[in-house]
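S.K.: Here's a sequence, model it:
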Amino acid sequence: MTDLLRLFAEADAQAPPEPPLPPGYLEASLVRARRSARRRRVARIAVAAVAVLVGVVAVPWPPRLPNAAPAAPTGPTLPAEFPAFTDLTASAVTSPPGRAIALYELGSGEILSSWQTLVAGADRDTYRRVDAPEDGYQHVLLAPDGTRVLSFNQPDQFALLDLTTGVTETMATVGWTSNVGASPQLLAWSPDGQRVAYAVPAPPPGDGRAESSFSGGRAIMDLALLDLRDGSTARVPDSGLVWAASYSPDGSTLVVQRGGGNSWLATPDGARIRDVDLTGALDLAPGMAFSPDGTLLATVSSAGSGGGGIRFVDATFTGRPVPDPLPYNEFLGWRSADSVVVHTWSEELNAGVLAEVSIRDGSVTVLSRFNRQQTCEFGLHTCDPYRIQLASGLLTRAGVRPSDPDHGPWPPRVWVWGIVIALETAGVALWFGLAVRRRLHRR
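M.R.: Down below sits the predicted model:
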């Protein structure tokens, strides 16, 4: 206390007063204080906004709920419109769509490659990606009831995907080799879903000449049968030059088309019943060539076949008259005993369509159309459908549903990139906020 009193006593009470503040100093100080407060507030808001953004992106939207069982079937349907291409379509493995009415490829390969193999749901408007070989022609097959997809995931191995569970089962093919680049081809699935007929390259002839492995411009193939009940498979003896095959509607008969020789009818396990004459016919239509009543076979133009369009063959092989050919090149299945479904172009709709065509009078009814938005290759090209398959066991009773596409939860890669971008943005915003705060603190 004494020291304090001494300091007061020694202080110069007559010291001149401090100089007055400059004009407007107080007002300017208040303005600067308000500006500093606003900057701090903006920085806090920016950091909070980025934190909220990170939280939103980190949580899947739509939420990744457990895979629910498909809705109880009320009858299979085709969509009124197949949706445009999108990279945000979920996988059928991680988000099973339920049974499918269609399997198809969608995309463009003009400059870059935007391509997907998709399944369209039969009971809901679901769309999912299916992993299939890049050269998917004759290497992937949709089951007649739409519940499974079979493909070759390795040269000597099948992959059987269950669309209702997302579970994939693998099975071996018969042993085969080819010195000319030939590979197995899936031909037909039995209506009861128990067997699949496929073709494998015949053993090399051993003469060292590549042309000896070809006939009629095609690799020589043997018939093989896969039993899905136990995964067993076997090559059918003396079945070379197989071009195509199809099961009858009741599954009791397998017609096997050969090139350069007689075709034959066989039992489901491949045992020959009798020879039949398919000379001059085009290739048996893929999938279900038989009409629902078993009286006609549909044949189509393909590699090595002459002519074009859809031609019909008497499946009773008794010489009965058959309908006139139809001028369409993409046969997709039988809608009824008197009509077929084709993929064709509609000038009126300016789009590719699935249409029901009468084999009696040629009348056409459009069932579905394909969206042609320019969403492929960064908007440079339209996305077109290719290699369409329809579930033959559902097609005859399928209705048409309104389009409300469900592509499932976003694929994991989308979430990874979203989180990375959000974290980078949060880091930049945080650095900016801290820099502003340090500057204000120095002032």
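
S.K.: And D269, how far from L326?
M.R.: 34 Å (Cβ to Cβ, to the nearest Å). Any C-beta I mention is one placed from the backbone N, CA and C, and that applies to glycine too.

S.K.: So for the two, which sits in the more crowded spot?
M.R.: Counted by other Cβ atoms under 10 Å, D269 and L326 do not tie: L326 has more neighbours, with 19 against 11.

S.K.: Quick one: residues contacting the closest residue to the more buried one other than its chain neighbours.
M.R.: Spatial nearest neighbour of L326, chain neighbours left out: I310 (4.4 Å); criterion: Cβ to Cβ, 6 or more residues apart in numbering. Contact analysis of I310 by Cβ atoms under 8 Å, 6 or more residues apart in numbering lists A285, A298, T299, V300, P325, L326, Y328, N329, F331, V340, V342.

S.K.: and V130, what is it in contact with?
M.R.: S91, A92, L103, T117, L118, V119, V140, V149, S151, L161.

S.K.: count of residues packed around the first one?
M.R.: This points to S91. Using other Cβ under 10 Å: S91 sits among 17 other residues.

S.K.: Which strand residues bridge it?
M.R.: R129 (DSSP bridges).

S.K.: Double-check it against R129; I have them as touching.
M.R.: Yes: counting by Cβ atoms under 8 Å, R129 is a contact partner of S91 at 5.1 Å.

S.K.: can you give me how far stretch 249-257 is from the chain middle?
M.R.: 29 Å (Cα atoms, centre = their mean, to the nearest Å).

S.K.: contacts for it?
M.R.: So stretch 249-257 is contacted by 188, 190-192, 197, 223, 239, 242-248, 263-268, 270, 273, 276, 278, 281, 283-284, 288-294, 297, 315 (Cβ under 8 Å, 6+ apart).

S.K.: Identify those among those that sit within strands.
M.R.: 188, 197, 223, 242-247, 263-266, 273, 276, 283-284, 297 (DSSP state E).

S.K.: Any of the residues you listed buried? List them.
M.R.: 188, 197, 223, 242-247, 263-266, 276, 283-284, 297 (16 or more other Cβ atoms under 10 Å).

S.K.: And the most centrally placed residue in the chain, how far from A102?
M.R.: Within the chain, one residue has its C-alpha closest to the average C-alpha position: by Cα atoms, centre = their mean, that is L118, at 1.8 Å. According to Cβ to Cβ, L118 stands 8 Å off from A102.

S.K.: again, but for A90
M.R.: Distance from A90 to A102, by Cβ to Cβ: 17 Å.

S.K.: Between the two, which is the more surrounded one?
M.R.: A102 (26 against 22).

S.K.: can you list the domains in this structure?
M.R.: Per automatic domain parsing, the structural domains of the chain span 26-61+412-443, 77-409.

S.K.: now the longest one: how far from the chain's centre is it?
M.R.: So the one you mean is domain 77-409. Centre to centre, stretch against its chain (Cα atoms, centre = their mean), the figure for domain 77-409 is 15 Å.

S.K.: T382 - nearest residue in space that isn't next to it in sequence?
M.R.: Nearest one to T382, counting by Cβ to Cβ, 6+ apart, is R372 at 4.8 Å.

S.K.: State whether N329 is indeed within a strand.
M.R.: No: the assignment for N329 (DSSP: H, G, I helix; E, B strand; the rest coil) gives coil, which keeps it out of a strand.

S.K.: can you pull the contacts of it?
M.R.: V300, S301, G308, G309, I310.

S.K.: what about A80, distance to A351?
M.R.: 12 Å.

S.K.: try C376
M.R.: Where A351 is concerned, C376 sits at a distance of 15 Å (Cβ to Cβ).

S.K.: So for stretch 232-244, mean pLDDT?
M.R.: For stretch 232-244, the mean per-residue pLDDT is 92.

S.K.: Endpoint to endpoint, it covers what distance?
M.R.: In terms of Cα to Cα, to the nearest Å, the two terminal residues of stretch 232-244 are separated by 21 Å.

S.K.: From what I see, the residue nearest to T382 and P385 are in contact.
M.R.: No: using Cβ under 8 Å, R372 makes no contact with P385, being 9.6 Å away.

S.K.: Pick out whichever of these two has more residues nearby.
M.R.: P385 (20 against 16).

S.K.: these two touch, right, that one and S368?
M.R.: No: using Cβ under 8 Å, P385 is not in contact with S368, being 10.3 Å away.

S.K.: which neighbours do the two share?
M.R.: Looking at what touches both P385 and S368 (by Cβ under 8 Å, 6+ apart), the common residues are F82.

S.K.: ok so, going back, now the buried members of the contacts of N329.
M.R.: V300, S301, G309, I310.

S.K.: Those into CSV, with extra columns for distance to S403 and pLDDT?
M.R.: Listed next are those as CSV, based on distance: Cβ to Cβ, whole Å; pLDDT from 0 to 100:
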residue, distance to S403, pLDDT
V300, 29, 91
S301, 32, 79
G309, 30, 89
I310, 28, 94
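
S.K.: tell me which of those is nearest to D145?
M.R.: Nearest to D145 among the buried ones among the contacts of N329: V300, at 23.2 Å, using Cβ to Cβ.

S.K.: Do I have it right that that closest one meets G333?
M.R.: No: at 11.7 Å, V300 and G333 do not qualify as touching, with contact defined as Cβ under 8 Å.

S.K.: burial count for R311?
M.R.: 22.

S.K.: Which helix or strand lies directly C-terminal to the helix or strand hosting it?
M.R.: R311 belongs to strand 310-314 when elements are defined using DSSP states H and E. Next helix or strand after strand 310-314 toward the C-terminus (DSSP H and E): strand 331-336.

S.K.: Which strands border that next one, and is each parallel or antiparallel?
M.R.: strand 339-346 (antiparallel).

S.K.: Against T295, how distant is G121?
M.R.: 32 Å.

S.K.: Could you list the low-confidence segments of the stretch 51-200 of the chain?
M.R.: 51-74, 109-113, 132-138 (pLDDT under 70).

S.K.: any chance you could map the helices in it?
M.R.: Assigned by DSSP state H, counting those that start in this stretch, the helices in the stretch 51-200 of the chain number zero.
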